[in-house]
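**Q** can't give you the sequence, but here's the structure:
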């Protein structure tokens, strides 16, 4: 009888743990759904402002597309490193798991660094959230700068938050918190990071290329 | 045989098992990179850097829908393969799919009639 009771308790505990993990994943997806709405409002608002503006710069006129293309590539690579980190903790390859997490951190910081360089250069050229900008003898409305910084800035803040979250995941990974049986923390972080990459894929096209 | 795509805790109830050979992570990466290169090239923005005439680019009337479709394909690929929606529970696809479809409709309508 004791054995049956023990088995029953174990099954109950396992079910609770699984349900808890599932609930957290569902919660993460709900959060990401709300983020979709958030970024949609930013992008939609910016497109509307663009539609009613008399002039809007052609792609590559003011923004540095080659530099941002490199940043896009960096973020795509970081998505690969995150998913490889998850695959390796699932397999129990701790060393490779750590290596891919560190690579992701370096790539995330590189993305932010390049964005900081881009912002510094653009601010130096007169693109900001307040003033109209004149480029090649043509004046463009102040809303160009404000929509650019709002969209890319909020995304950059998400990357920054992701870097902090990743630092915590990395610290916990060295403490041995994650195992092939328990890697939910890595999976949840991965979902967030991939989402940030997904949003950038859309933003890059809408802000820089069209 | 490595386990993946199941729930994160309680190995006993992993529903799906795949080998590493079935993971298309690198293939998806190559496709995403190629699509990004195609996107940027189609605008003609980088022509001056590779010695092409600025005129070698898709006309805007075709280029904008093309770019939106390609970026949407890239985003869906990230969601399906890197975020594991293709392999995970259907409820997650429903939760994120609704807002994404709304977002796509909203943005397309804004571009055309905003």
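**A** Good, I have the coordinates. Nothing here was measured: the structure is a model prediction, and the numbers come from that model. Residues are numbered from 1 along each chain as shown, chains lettered A, B, ... in the order given.
**Q** just for the chain, where's the confidence low?
**A** This is for chain A. Scanning chain A with the threshold set as pLDDT under 70 gives A:1-20.
**Q** please go with chain B instead
**A** Applying pLDDT under 70 to chain B picks out residues B:1-22, B:54-55, B:114.
**Q** What distance do you get for the spatially most central residue of it to residue B:39?
**A** In chain B, the residue lying closest to the centroid (Cα atoms, centre = their mean) is residue B:74, at 2.0 Å. Distance, residue B:74 to residue B:39, using Cβ to Cβ, to the nearest Å: 8 Å. For glycine as for every other residue, the C-beta is placed from the backbone atoms N, C-alpha and C.
**Q** Check residue A:114 too.
**A** With distances taken as Cβ to Cβ, residue A:114 is found 18 Å from residue B:39.
**Q** Compare these two and say which one has the larger neighbour count.
**A** Neighbours around residue A:114 and residue B:39, counted as other Cβ atoms under 10 Å in any protein chain shown, are more numerous at residue B:39. The numbers are 23 against 16.
**Q** What residues sit buried inside the helix or strand hosting that one?
**A** Remark: residue B:39 resides in helix B:25-43, with elements defined by DSSP states H and E. Judged by neighbour count (16 or more other Cβ atoms under 10 Å in any protein chain shown), helix B:25-43 contains these buried residues: B:28-29, B:32-33, B:35-36, B:39-43.
**Q** before we move on, what about stretch B:52-70?
**A** B:57, B:63-64, B:66-68, B:70.
**Q** what separates it from the chain centre, distance-wise?
**A** Distance of stretch B:52-70 from the chain centroid (Cα atoms, centre = their mean, to the nearest Å) equals 19 Å.
**Q** Look at it and report the distance between its end residues.
**A** 23 Å (Cα to Cα, to the nearest Å).
**Q** Residue A:131: what secondary structure?
**A** Under DSSP: H, G, I helix; E, B strand; the rest coil, residue A:131 falls in the coil class.
**Q** For it, give me its contacts.
**A** A:142, A:145 (Cβ atoms under 8 Å, 6 or more residues apart in numbering or on different chains).
**Q** roughly how far apart are it and residue A:47?
**A** Taking Cβ to Cβ as the measure, residue A:131 and residue A:47 are separated by 22 Å.
**Q** for chain A, what spans make up the helices?
**A** Secondary structure of chain A, counting by DSSP state H: helices at A:2-52, A:65-91, A:94-124, A:142-174, A:184-203.
**Q** Now that we have those, can you turn them into CSV and tack on distance to residue B:97?
**A** Shown next, in CSV, are the helices of chain A (distance: least, Cβ to Cβ, whole Å):
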stretch, distance to residue B:97
helix A:2-52, 9
helix A:65-91, 20
helix A:94-124, 26
helix A:142-174, 21
helix A:184-203, 13
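**Q** Identify whichever of these lies nearest to residue B:48.
**A** The closest approach between residue B:48 and any of those, judged by Cβ to Cβ, belongs to helix A:65-91 at 9.7 Å.
**Q** Report the buried residues of the closest one.
**A** Along helix A:65-91, these residues count as buried under the neighbour rule (16+ other Cβ under 10 Å): A:65, A:68-69, A:71-91.
**Q** what about the residue found closest to residue A:32 once you drop the neighbours it is linked to in the chain, neighbour count?
**A** On the basis of Cβ to Cβ, 6 or more residues apart in numbering or on different chains, the spatially nearest residue to residue A:32 that is not a chain neighbour turns out to be residue A:195, at 5.0 Å. Burial of residue A:195 is recorded as 26 neighbouring residues (other Cβ under 10 Å).
**Q** And for residue A:134?
**A** The burial count assigned to residue A:134 is 10, neighbours taken as other Cβ under 10 Å.
**Q** same thing with residue A:112?
**A** As a burial measure, the neighbour count of residue A:112 was computed by other Cβ under 10 Å and equals 17.
**Q** Surely it is in contact with residue A:162?
**A** No - contact between residue A:112 and residue A:162 fails when scored by Cβ atoms under 8 Å: they sit 9.8 Å apart.
**Q** Can you list the residue ranges for helices in chain B?
**A** So, for chain B - with DSSP H - the helices run B:25-43, B:47-50, B:60-77, B:90-113.
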